[in-house]
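**Student:** Sequence first, then the predicted structure:
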Amino acid sequence: MDISINTPALLFPAISLIMLAYTNRFLALSSRIRQLHDKYLSQTNKHVIHGQIKNLRYRVRLIKNMQAFGVLTFIGCILSMYFIYVEWMLAANVIFAISLLCFVASLTLSFIEIAHSTKALDLELNDIEGLEDPTVLEYLKKKFDRDKAH
């Protein structure tokens, strides 16, 4: 399959927007880490913060890798356009395919990071509520037992 120089160029706006979103997530995480650091230094009950820190450390690594794959996607598209320009179509096709795979990897890591961000919110809510996240059956059982006692 032959691609035109416009094909890799079509990914530029998508890559730029996704990189902007990744940067915003990174900035939000770095702000949260600084807040937790201050909270950790001033608090005696630190076991809840440890879970949050562990989650944030993992998410920062995910974002770093998301950004790296995004950059590789960008570089792959640029190289692919260059090889189309010099009419090395096999190299252009292979590099474009690799850049698409890098984009898929970046988006997959983004999906995983989003899943872990919900875990971080659960940690916060558990800290506030003082509850563990029950399953639906456990919740209904507790509710039924409480209503039965009244």
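**Tutor:** Ah, there it is.
**Student:** Work out the gap between the helix or strand containing Ile95 and the centre of the chain.
**Tutor:** Following DSSP states H and E, one finds Ile95 within helix 89-129. Averaging C-alpha positions (C-alpha atoms, centre = their mean, to the nearest Å) puts helix 89-129 5 Å from its chain's average.
**Student:** likewise stretch 31-40?
**Tutor:** So, by C-alpha atoms, centre = their mean, the centroid of stretch 31-40 is 20 Å from its chain's centroid.
**Student:** can you tell me the average pLDDT over that stretch?
**Tutor:** Mean pLDDT, stretch 31-40: 82.
**Student:** where along the chain do the helices fall?
**Tutor:** Secondary structure of the chain (DSSP state H): helices located at 6-9, 11-42, 47-85, 89-129, 136-149.
**Student:** For those helices, could you give me a markdown table that also reports mean neighbour count?
**Tutor:** C-beta coordinates here come from the backbone N, C-alpha and C atoms, glycine included. Output for the helices of the chain, formatted as a markdown table (neighbours: other C-beta atoms under 10 Å):
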| stretch | mean neighbour count |
| --- | --- |
| helix 6-9 | 16 |
| helix 11-42 | 13 |
| helix 47-85 | 18 |
| helix 89-129 | 16 |
| helix 136-149 | 10 |
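**Student:** so what's Lys141 scoring on pLDDT?
**Tutor:** pLDDT, Lys141: 72.
**Student:** how close does it sit to Asp122?
**Tutor:** 20 Å (C-beta to C-beta, to the nearest Å).
**Student:** elements contacting the helix holding Ile95?
**Tutor:** Counting contacts by 3 or more C-beta pairs under 8 Å, 6 or more residues apart in numbering; DSSP states H and E, helix 89-129 packs against helix 6-9, helix 11-42, helix 47-85.
**Student:** Could you check how far Trp88 is from Ala115?
**Tutor:** From Trp88 over to Ala115 (counting by C-beta to C-beta), the distance is 40 Å.
**Student:** How about Lys54?
**Tutor:** 15 Å.
**Student:** Next: Asp145.
**Tutor:** 32 Å.
**Student:** repeat for Glu87
**Tutor:** 44 Å.
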